[in-house]
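Participant: what's the 3D shape of this:
(one chain, ligands or ions: 1)
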Amino acid sequence: MLDSLDQKKISEEINTKWLGKEVFYYPVVNSTNVLLKEMAFRGVSSGTLVITDYQQKGKGRYGRKWSAPPRTSLLFSLLFHPNWPSERANWLTMIAALAVSLAIEEYCLLSSQLKWPNDIGITGAKGWRKVGGILQEGHIENGSVRQVIIGIGINVNIGREDLPKVSNSASSLLIEKKRPVLRAPLLGSIMEKLELLYEQAHEGRSPQPLWNERLITVGQHVLIESLGTKASLSGLVEGTEPDGRLLLRDSNGLLHKINAGDVTIVG
Ligand code: BTN
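Facilitator: I've put the predicted structure just below:
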């Protein structure tokens, strides 16, 4: 039995000071990121939450689709105006992924790790499986991160038969926990954690130490592909920088600082 969401139920679960105090729930939208971008243009405030039960044109990274059957997922976007220096542009994705991972552990009692740069997963009997992702969209103006939309998609109650066939590394909280998970309280927990992490980041504290602890990517041999330039690079991940860049040592001993890309763990 799938749970239902509505504006009241969502608001009741969000016990924050400012994040998600303005909630816009819609049963169906094209994409919460696109809708919130339009709303931001019309002037909604920082911290506004747009959430839906179904996206007709959900967006993943690199122009991919993000699709999920109705009422099976948490699909939402948040608006921020951080005015942080541009070197901190990745921090929002980092704190969002951390908040989701921490909330999954606390609310679902599942062990959750992150895959650089934006994937949230569960490490179970079959290894690490992706259950969620972050899509950050925004702009930098005069060296400052002005407006950012953080889109979060989490496979909550998706059955195995409805997961994307192409990926055998995808899973859901239902599959990992072996029972359905209520979405509104999980959302509430994410919002509380994210608000706190945002405030710490706003004071200039990098989320990297906490985030780094959860990264399954560190210490692994990986292949990184940049879908924009079609370039690829492989090597051993030695760690991350405070700004979130990945430190990759190639076979010639050169250290690369990588800002973005698609990671495949090769061993
Ligand atoms: C990824 O590629 O891993 C990121 C997926 C992000 C999906 C979420 S669902 C809510 C928000 N609206 C969108 O269109 N995409 C993001």
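Participant: Tell me, how many residues neighbour the closest residue to Lys17 other than its chain neighbours?
Facilitator: When the adjacent residues along the chain are set aside, Lys17 lies closest to Glu195, with 6.5 Å between them (Cβ to Cβ, 6 or more residues apart in numbering). (C-beta placed from N, C-alpha, C; glycine too.) Neighbours of Glu195 under the rule other Cβ atoms under 10 Å: 20.
Participant: How about the one 3 residues further on?
Facilitator: Residues near Tyr198, counting by other Cβ under 10 Å, number 23.
Participant: these two touch, right, the residue nearest to Lys17 and Trp18?
Facilitator: Yes. With the criterion set as Cβ atoms under 8 Å, Glu195 and Trp18 qualify as a contacting pair; they are 7.0 Å apart.
Participant: mind listing what Tyr198 touches?
Facilitator: The contact partners of Tyr198, taken as Cβ atoms under 8 Å, 6 or more residues apart in numbering, are 19, 80, 92, 95.
Participant: Would you confirm that Val100 belongs to a helix?
Facilitator: Yes. Counting by DSSP: H, G, I helix; E, B strand; the rest coil, Val100 is part of a helix.
Participant: can you pull the pLDDT of Met1?
Facilitator: Reported pLDDT at Met1 in the predicted model: 73.
Participant: so it touches Pro180, yeah?
Facilitator: Yes. The pair Met1 and Pro180 passes the contact test of Cβ under 8 Å, sitting 7.2 Å apart.
Participant: Looking at the two, which has the bigger crowd around it?
Facilitator: Shown here are Met1 and Pro180; by other Cβ under 10 Å, Pro180 has more neighbours (15 against 5).
Participant: Leaving out sequence neighbours, find the closest residue to that one.
Facilitator: Pro180's closest residue in space is Asn157 (Cβ to Cβ, 6+ apart), at 5.0 Å.
Participant: How about the secondary structure of that neighbour?
Facilitator: Remark: Asn157 carries the secondary structure label coil [criterion: three-state DSSP].
Participant: got it, and Met191?
Facilitator: Per three-state DSSP, the secondary structure class of Met191 is helix.
Participant: Do you know the pLDDT at it?
Facilitator: If you check Met191, the pLDDT there is 98.
Participant: Hmm, it is touching Lys17, no?
Facilitator: No. Counting by Cβ under 8 Å, Met191 sits too far from Lys17 to count as a contact (10.4 Å).
Participant: With neighbour numbers in mind, choose between those two.
Facilitator: For the pair Met191 and Lys17, the greater number of neighbours falls to Met191 (25 against 10), based on other Cβ under 10 Å.
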